[in-house]
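In: Next input, structure requested:
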Amino acid sequence: MRNADFLDVEHYPTITFKMKNYKKTAEGYTAVGDLTLHGVTKEITLGGQYNGATKDPLGNTRAGFSAEGKLNRKDFGMVWNKTLDSGGLVVGDEVQIRLDVECIKTKP
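Out: As a prediction, the model looks like this:
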């Protein structure tokens, strides 16, 4: 997955998500933002949860979040595939995204 046919990490070593907005929903939260992957930026929507906040042993406030979504890899320029002898394809187009994020509140 790291090679030039897929993520091409030599040329695109990072994946970024820049949140534009979010809203509270009955299920948790929905976040909309720009995902940059494989040198292409597209707007995506992620469904997420706030997992709580706590103080760590050093007195820092930490908060946890999780989010999920999916995208079509071809929308980001990853088009390689191969047909199997049985007629199917080696790689599907849909990619599942799962994020587990921990944030530390900055001190004034």
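In: Leaving out sequence neighbours, find the closest residue to the residue nearest to the spatial centre of the chain.
Out: Nearest to the mean C-alpha position of the chain, by CA atoms, centre = their mean, lies residue 97 at 4.9 Å. Excluding the flanking residues, the one nearest residue 97 by CB to CB, 6 or more residues apart in numbering is residue 69, at 4.7 Å. Bear in mind the C-beta positions are built from the backbone N, C-alpha and C, glycine included.
In: Provide a list of residues in contact with that neighbour.
Out: By CB atoms under 8 Å, 6 or more residues apart in numbering, the contact list for residue 69 reads 44-47, 96-97.
In: And the lengthiest strand in the chain, what does it pack against?
Out: The single longest strand within the chain, with elements called by DSSP state E, is strand 40-55. For strand 40-55, the packing partners by 3 or more CB pairs under 8 Å, 6 or more residues apart in numbering; DSSP states H and E come out as strand 16-25, strand 28-37, strand 61-72, strand 94-104.
In: Go through that strand and flag the buried ones.
Out: By neighbour count on 16 or more other CB atoms under 10 Å, the buried set for strand 40-55 is 44, 46, 48.
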